[in-house]
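# can't give you the sequence, but here's the structure:
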């Protein structure tokens, strides 16, 4: 009996020594390793608020394409390469500005009722051109028709907000922003309308007889309220409402309108070579393209002067000036509705 007790004591002691030795070796191995650098990753919220780099040369931050706007003017903001010249082409008014040193730009643009085809064009210091299209629908009536149809607010989150809840909130907020689908009707069912956009994309629109208002605008811009049954395959429509997770637009207002043609407005940038006989010849320092610019009637000619924009006459523009012209190409010439002389006149 005593031998068994003695054996148990000795065995237990050996096991204890083995365990202690293992712990000692592990601690020594850990302490002997050099301290590792800990990479701190930005939270989703920090990533969202960080200023993105315009890798493509031009990024539109706000508003999103095909957004329904209920008040004008609307603030258009974005990023481009630092010290670039930004031309923002609206339906009736254009802006030419130089962005900030960090690449940011912002302009308040007046909208016209209906579809606004806006172009944002950036010219970098080498004259390289980058452009984005932005389609906005201005409807002061939409807020009235959508008052009972907007998605209900989500219940408040109690306790600490998790990343999942924050992401969910952002998604829900995105779904609450009214959007527009624009295109030609290709199919109609009892509760849905299928359209093809100008880009060839097939989009689905759901309608509700109690929530959706239907308006028809003729070629003389005379509008009248119509019924869902007045829609027909081949009609060109502007549907306004809220998108769900399946990209189906729950329409609150549908406008039947004549086909809206894609805008041909654009901008050119270059150094003036000649200004004679009501024509200006310019050369882009980057592309080396030579453009002949003719002023439209009317034309808005301006220049930068002491941090303000002032109107000038065409004859004021001289050789060596750097200008941005906004208009359309007609044959071999560029018909400009806006000509702006930059300051300083060398490259932006």
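Right, received. Where do you want to start? As the structure is a prediction and not an experimental result, all values here were calculated from the model. Numbering: from 1, shown residues only.
# tell me where the protein has helices.
Counting by DSSP state H, the chain has helices at residues 2-32, 44-49, 142-145, 163-176.
# hmm, who's touching the shortest one?
Helix 142-145 is contacted by residues 68, 70, 178, 211, 213, 240, 252-253 when judged by C-beta atoms under 8 Å, 6 or more residues apart in numbering. Just so you know, the C-beta spots here come from the backbone N, C-alpha and C atoms, and that holds for glycine as well.
# who wins on neighbours among those?
residue 240 (29 neighbours; other C-beta atoms under 10 Å).
# I figured that residue was touching residue 178, is that so?
Yes. Judged on C-beta atoms under 8 Å, residue 240 makes contact with residue 178 at a distance of 6.0 Å.
# picking that back up, which stretch in the helices of the chain has the least confidence?
Ranked by mean pLDDT, the helices of the chain bottom out at helix 44-49, with a mean of 42.
# quick one: the residue nearest to residue 236 when sequence neighbours are not counted from residue 183, how far?
Nearest residue to residue 236 in three dimensions, chain neighbours excluded: residue 259, at 4.6 Å (C-beta to C-beta, 6 or more residues apart in numbering). Using C-beta to C-beta, to the nearest Å, residue 259 is found at 10 Å from residue 183.
# quick check: neighbours shared by those two?
Joint contacts of residue 259 and residue 183 (C-beta under 8 Å, 6+ apart) are residue 236.
# these two: who's more crowded?
Using other C-beta under 10 Å as the criterion, residue 259 and residue 183 rank with residue 183 on top: 24 against 9.
# who touches that one in this structure?
Remark: with contacts taken as C-beta under 8 Å, 6+ apart, residue 183 is in contact with 195-198, 201, 203, 236-237.
# go again using 6 Å as the cut-off
Listed by C-beta atoms under 6 Å, 6 or more residues apart in numbering, the contact set of residue 183 reads 195-197.
# ok, and the most crowded of those?
residue 195 (23 neighbours).
# mean pLDDT per helix and strand in the chain: which one sits at the bottom?
Using mean pLDDT, DSSP states H and E, the weakest-scoring helix or strand in the chain turns out to be helix 44-49, at a mean of 42.
# can you pull the buried residues of stretch 79-98?
Within stretch 79-98, the residues scored as buried using 16 or more other C-beta atoms under 10 Å are 79-81, 84-91, 94-98.
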